[in-house]
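> Got a predicted model here, sequence first, then my questions.
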Amino acid sequence: MRDPGTLIAYAGNARLHPETQITALMRSIETFGFTIPALIDEAGEIIAGHGRIEAAKRLGLAQVPTLIATGWTPEQTRAYRRR
């Protein structure tokens, strides 16, 4: 579990999250909870889950579940982001 405010957004994130999507994510989190952890690297930079983290911040969540991609090379991280 991590404070979403401490997670670092990946500056090169190619996926855009329009306001309607963030709103839908907020409703989903309110209804079902935070069901899919954000994937982060060992430094706390987001690999996957930028929209969910933004929704969590707007909801004022103090903690969100995360999975740490321990031991991934930069090449592996880039490949996963391109999927």
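In hand now; what should we look at?
> can you give me the helices in the chain?
19-32, 50-59, 74-82 (DSSP state H).
> ok, the most centrally placed residue in the chain to Gln76 distance?
In the chain, the C-alpha nearest the mean C-alpha coordinate belongs to Gly49, at 2.7 Å (CA atoms, centre = their mean). Distance of Gly49 to Gln76, given as CB to CB, to the nearest Å: 17 Å. C-beta coordinates here come from the backbone N, C-alpha and C atoms, glycine included.
> Same question for Ile68.
As for Ile68, its distance to Gln76 is 13 Å (criterion: CB to CB).
> More neighbours: the two, which one.
Ile68 (16 against 13; other CB atoms under 10 Å).
> which residues does the more buried one contact?
40-42 (CB atoms under 8 Å, 6 or more residues apart in numbering).
> repeat that with 7 Å
Residues near Ile68 by CB atoms under 7 Å, 6 or more residues apart in numbering: 40, 42.
> For beta bridges, what are the partners of it?
Ile40 (DSSP bridges).
> residues near the closest residue to Glu54 other than its chain neighbours, how many?
The shortest distance from Glu54 to any non-neighbouring residue, by CB to CB, 6 or more residues apart in numbering, is to Ile22 (5.6 Å). Ile22 has 16 neighbours, counted by other CB under 10 Å.
> Can you tell me how far Ile22 is from Pro37?
Per CB to CB, Ile22 is found 18 Å from Pro37.
> Same check on Ile68?
Distance, Ile68 to Pro37, using CB to CB: 10 Å.
> So what's the residue count around His17?
His17, neighbours per other CB under 10 Å, totals 16.
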